[in-house]
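J.: Give me the fold of what follows.
(2 chains)
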Amino acid sequence: MALLTFDQIGIAGLAACVPSNTIDNLTYTDNFEAAAVAEIVEKTGIRERRFALPGICASDLCFAAAEKLLKELDTDRSTIDLLIFISQTPDYRMPATALLLQHRLGLGKHTAAFDINLGCSAFVYGLSVAYAMMQTGGFRNVLLLDGETRSRVYSPKDRKTAFLFGDGGVAALITRREKAGKSFFSLHSDGSKSDYIKMDAGGYRMPSSPATLEERVVDEYGNIRTDEHGYMNGTDVFNFVLSEIPKDIRQLLEYGGLQISDPDYFVFHQANSFMNDYLIKKMKVPVEKAPSCLAQFGNTSSVSIPLTIVSRLQQTNYADKQLLLSGFGVGMSWASCIIRLSDCLITELVEI
Amino acid sequence: MTERFIQLFKETLEMEDKDVQPSDAFREYEEWDSLGQLSLIAMIDEEYDVVIEGKPFMEIKTIGELIKTIEQLKSAL
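T.: Purely as a prediction, here's the structure:
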């Protein structure tokens, strides 16, 4: 069972960057009737999103966030022994984007660097790797970067996904923190549900070809996409979340010897308001303890949890706060953690 | 169960003023759409504490079959 405990490892600081290019969902596309779009916006709670302009990659958003963070923390870059980059929208198929960022950020050759390829669960997964590496004692600081340009993944002519996804990048510095105390993680996977959220073409199973770029009607609702666009079966995903996430959170709380009333904040992956509001209600979590940035930034996949912390809790006094984080999605993959933020610097949101 | 479920179903799909019978093929209602489907799944989870998986759900045609499935899932708990 993937239940993990770490001791005296914590987050020294967290920064986030979003593109300044703002999309108003109501005027995003005229592919659908205005009334239908208005209903989608109301149910999903996503009014605006940020789209990276052509030429800007997830790594550029992470780079800007990392520069801000390292400057504000006044971090000696030679003490960063590990760089992890989380994304499913990397710069290239090879090399791993972590290597490009290691060089660009001026980190030394002693720095270990690699990518993690997961979606909405990935920030919590990445954090577990960073904490575990720190716990070995062989690393002084870990720079965890997590960026997505999901706006480029989905078809604007497929109403199931056209109005949900946005772009962003974050940087977190993980270090030794006596006051952070114990943290608890749970990690899960279910590959039998890999077709719930998927992009069929462009890998080596179905390589890109002229055929994979052809638009076609894919369902009885007249939605249009290519094989190189992502697709999502919302009903199956919703069923999955209802079945697995409350169970996972209850199990993790029990493992950590905690009650649902203990964490100061619950930061869930920002999927859409319909799902998140229902999850919060089902878990009986007070609404004020579950911040959301869906209205402003939409679903930014793995970035959504840290982006919510930076954009919604920046003014909070982080001397000592206990947070429960839970990410779930493509894979299907899900992970939750209970961490203590102790003297954690949350920077102002960066826009580029 | 049937009367209560139909009441909840009508509230969920915002069709309180319509006549709904157990034999109705609910996917043919003009109020039925993918968002309505999500609302229905949430209502069933909240009221009956059961989740009907995607594939079996797609095979359910009438309100009566829906009620039967919920009762079967509940008795299996």
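J.: With adjacent residues omitted, what lies nearest to residue 38?
T.: Here I'm looking at chain A. Spatial nearest neighbour of A:Ala38, excluding adjacent residues (CB to CB, 6 or more residues apart in numbering or on different chains): A:Leu26 at 6.6 Å. To be clear about C-beta, it is placed using only N, CA and C from the backbone, and glycine gets the same treatment.
J.: Hmm, no, I was thinking of chain B.
T.: A:Phe238 (5.4 Å).
J.: Buried ones in whichever strand or helix holds that neighbour, by neighbour count?
T.: Applying DSSP states H and E as the criterion places A:Phe238 in helix A:234-255. Within helix A:234-255, the residues scored as buried using 16 or more other CB atoms under 10 Å in any protein chain shown are A:234-242, A:244-246, A:248-249, A:252-253, A:255.
J.: thinking again about what came up before, show me the contacts for the residue nearest to A:Ala38.
T.: Neighbouring residues of A:Leu26 by CB atoms under 8 Å, 6 or more residues apart in numbering or on different chains: A:34, A:37-38, A:41, A:47.
J.: Convert the C-alpha atoms of stretch A:26-44 to CSV, please.
T.: The C-alpha coordinates for stretch A:26-44 follow below in CSV (Å, rounded to 0.1, in the frame of the first residue of the first chain):
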residue,chain,number,x,y,z
LEU,A,26,-18.3,33.4,-23.0
THR,A,27,-16.6,34.9,-26.1
TYR,A,28,-13.9,32.2,-26.6
THR,A,29,-15.5,30.6,-29.7
ASP,A,30,-18.6,30.9,-31.9
ASN,A,31,-18.6,27.1,-32.6
PHE,A,32,-21.6,26.7,-30.2
GLU,A,33,-24.8,28.6,-29.4
ALA,A,34,-24.3,31.4,-26.8
ALA,A,35,-27.0,29.9,-24.5
ALA,A,36,-25.2,26.5,-24.5
VAL,A,37,-21.9,28.2,-23.7
ALA,A,38,-23.5,30.2,-20.9
GLU,A,39,-24.8,27.0,-19.3
ILE,A,40,-21.4,25.3,-19.5
VAL,A,41,-19.7,28.4,-17.9
GLU,A,42,-22.3,28.4,-15.1
LYS,A,43,-22.0,24.7,-14.3
THR,A,44,-18.2,24.5,-14.6
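J.: buried stuff in it?
T.: Neighbour count says stretch A:26-44 has A:28, A:31-32, A:37, A:40-41, A:43-44 buried, by 16+ other CB under 10 Å.
J.: just these now: which is nearest chain B?
T.: A:Lys43 (5.3 Å; CB to the nearest CB).
J.: Now do stretch B:15-29, average pLDDT.
T.: Here stretch B:15-29 scores 91 as its mean pLDDT.
J.: Now the terminal residues of it, how far apart.
T.: 9 Å (CA to CA, to the nearest Å).
J.: picking that back up, looking at the buried residues of stretch A:26-44, which are in strands?
T.: Counting by DSSP state E, those place none of their members in strands.
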